[in-house]
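Engineer: Generate coordinates for the sequence data below:
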Amino acid sequence: MSPAAGARGPLAGVRVVELGGLGPGPFCGMMLADLGAEVIRVDPPAEAGQETRHPVIHRGRTSIAVDLKHPEGADAVRQLIGGADAVIEGFRPGAVERLGLGPGVCLASNPKLVYGRMTGWGQDGPLAQEPGHDINYIALAGALHAIAPAGGDPVPPVNLVGDFGGGRHAARPRPGQCSPPRAHLRRRAGRRRGHDRRHRAAALDDVRLSLAG
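Structural biologist: Numbers count the residues shown, from 1 in each chain. Down below sits the predicted model:
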């Protein structure tokens, strides 16, 4: 969905490139757009010209269709990132590096960039390359245990508790937790300068532990 004209908020004037995915990434992009950022979502060509199936979570941003597996497509997105303030992505570890869109490449051409990434099991470790799903995260973290009648078995939630919790954490963590992309972007919106490299990674399973606690 196209963003509203004359967006206002603490992140007005900030440009974010969202590498389209599922779950936490879109929720994070929605929150940043709600705060006034210009969010450009990069979607696969198969979705070109189609009305979004998720009008709420995809609200407030422009969508462009690009084949990231094609060299010309990846190059076009690199150029777009070169003029952006932030990137958010939620692919499996190593995926964006293989596309030439990892933090090393992007920060080298745009040192002021805030690079935010969300994965199910972290960037490394024994489960890093395993596929992840919301029900797995909240079960292993213990959050699923709380969603049950007294003395009964846990019930799968009707919403994506883990994914949405992870997306919210990436955009705006709980007090006392690490500073998120939103905090860096808000400072940049006020100063419009800064040349230090920013790379933030969040593991959804870690977020689920905080939710369970």
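Engineer: my guess is residue 157 meets residue 148, correct?
Structural biologist: No. Distance between residue 157 and residue 148: 10.6 Å, which falls outside the contact criterion (C-beta atoms under 8 Å). Glycine gets a C-beta too; all of them are placed from N, C-alpha and C.
Engineer: can you give me the helices in this structure?
Structural biologist: The residue ranges that make up the helices of the chain, judged by DSSP state H, are 24-34, 71-82, 95-98, 103-109, 134-141, 161-171, 181-191, 204-212.
Engineer: Pull out the buried positions in the shortest one.
Structural biologist: It refers to helix 95-98. By neighbour count with 16 or more other C-beta atoms under 10 Å, helix 95-98 contains the buried residues 95, 96.
Engineer: Send me that helix as PDB with only the CA atoms.
Structural biologist: Coordinates of each C-alpha in helix 95-98 appear next as PDB, following Å, rounded to 0.1, in the frame of the first residue of the first chain:
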ATOM      1  CA  ALA A  95      21.100 -15.400   2.300                       C
ATOM      2  CA  VAL A  96      21.600 -11.600   1.800                       C
ATOM      3  CA  GLU A  97      25.300 -12.100   1.700                       C
ATOM      4  CA  ARG A  98      24.900 -14.500  -1.200                       C
END
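Engineer: contact partners of it?
Structural biologist: Residues from elsewhere that reach helix 95-98, judged by C-beta atoms under 8 Å, 6 or more residues apart in numbering: 19, 89, 102, 104, 117.
Engineer: which two in these are spaced the farthest apart?
Structural biologist: By the measure C-beta to C-beta, 19 and 104 form the most distant pair in these, at 15.5 Å.
Engineer: Between these two, point out the one with more neighbours.
Structural biologist: Legend: neighbour count by other C-beta atoms under 10 Å for residue 19 and residue 104, higher for residue 19 (23 against 12).
Engineer: Beta-bridge partners for that one, please?
Structural biologist: In this entry, residue 19 is beta-bridged to residue 42, by DSSP bridges.
Engineer: ok, residue 157 and residue 148, which is more surrounded?
Structural biologist: Each of residue 157 and residue 148 has its neighbours counted (other C-beta under 10 Å); residue 157 has more, 16 against 11.
Engineer: can you pull the pLDDT of that one?
Structural biologist: For residue 157, the model assigns a pLDDT of 78.
Engineer: Show the contacting residues for the residue nearest to it when sequence neighbours are not counted.
Structural biologist: If you skip the residues right next to it in sequence, residue 157 has residue 147 as its closest partner in space, 5.5 Å away by C-beta to C-beta, 6 or more residues apart in numbering. Applying C-beta under 8 Å, 6+ apart, we find residue 147 in contact with 138, 154, 155, 156, 157, 161.
Engineer: if you set the cut-off to 7 Å instead, what comes out?
Structural biologist: Contacts for residue 147 were tallied using C-beta atoms under 7 Å, 6 or more residues apart in numbering; they are 154, 155, 157.
Engineer: And it, how close does it get to residue 118?
Structural biologist: Taking C-beta to C-beta, to the nearest Å as the measure, residue 147 falls 22 Å from residue 118.
Engineer: got it, and residue 67?
Structural biologist: For residue 67, the distance to residue 118 under the criterion C-beta to C-beta works out to 23 Å.
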